[in-house]
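**Student:** Let me see the structure of the following:
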Amino acid sequence: MLDLKDKELDSFSHRLRTIKTAHQKTLETLTETHQSDKANAEEQASRRDRELKSIIAEMRFIEKEMSISVVSTIRSIRIDM
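**Tutor:** Numbering: from 1, shown residues only. Just a heads-up that it's a prediction; the model follows:
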């Protein structure tokens with residue numbers, strides 16, 4: 001009777017170890033995937049930040065050019081009057 005219970009416990013212990021190993025592998029895979037996704041998201045955010053800064057700089061340049069153009073136009077209108 002004890003031998004039977006001992007075998008049952010061994011079998012149960014083996015199943016638990018198998019499940020634990022499988023869960024550890026799954027957790028490792030999920031962790032690696034998460035780290036990769038996080039790195040990709042950070043790179044994408046950095047890229048978009050650089051693009052936005054470039055667009056803002058270009059818009060400021062255009063705004064400055066337009067202001068100069070408007071001032072020149074106003075001055076030429078005043079001169080013509």
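
**Student:** hey, where'd the helices end up in the chain?
**Tutor:** 2-80 (DSSP state H).

**Student:** In it, which residue is most central in space?
**Tutor:** Centroid check for the chain by C-alpha atoms, centre = their mean gives Ala41 as the closest residue, at 1.4 Å.

**Student:** And that residue, how far from His34?
**Tutor:** 10 Å (C-beta to C-beta, to the nearest Å). For glycine as for every other residue, the C-beta is placed from the backbone atoms N, C-alpha and C.

**Student:** now swap in Lys64 and tell me
**Tutor:** 45 Å.

**Student:** in the protein, which segments are predicted with low confidence?
**Tutor:** In the predicted model, the chain carries pLDDT under 70 at residues 78-81.

**Student:** can you rerun that using 80?
**Tutor:** By pLDDT under 80, the weakly predicted segments of the chain are 70-81.

**Student:** tell me the contacts of Arg48?
**Tutor:** Contact analysis of Arg48 by C-beta atoms under 8 Å, 6 or more residues apart in numbering lists nothing.

**Student:** quick one: Thr26 from Glu51, how far?
**Tutor:** 37 Å.

**Student:** make that Glu63, sorry
**Tutor:** 18 Å.

**Student:** So what's the residue count around Arg47?
**Tutor:** For Arg47, the neighbour count with other C-beta atoms under 10 Å is 10.

**Student:** how close does it sit to Asn40?
**Tutor:** 10 Å.

**Student:** what's the answer for Ile55, then?
**Tutor:** Distance of Ile55 to Asn40, given as C-beta to C-beta: 22 Å.

**Student:** ditto for Asp49
**Tutor:** Distance, Asp49 to Asn40, by C-beta to C-beta: 15 Å.

**Student:** can you check Ser13 too?
**Tutor:** Looking at Ser13 against Asn40, where the rule is C-beta to C-beta, the gap reads 41 Å.

**Student:** again, but for His23
**Tutor:** 26 Å.

**Student:** next one: Ser76
**Tutor:** Relative to Asn40, and taking C-beta to C-beta, Ser76 is found at 53 Å.
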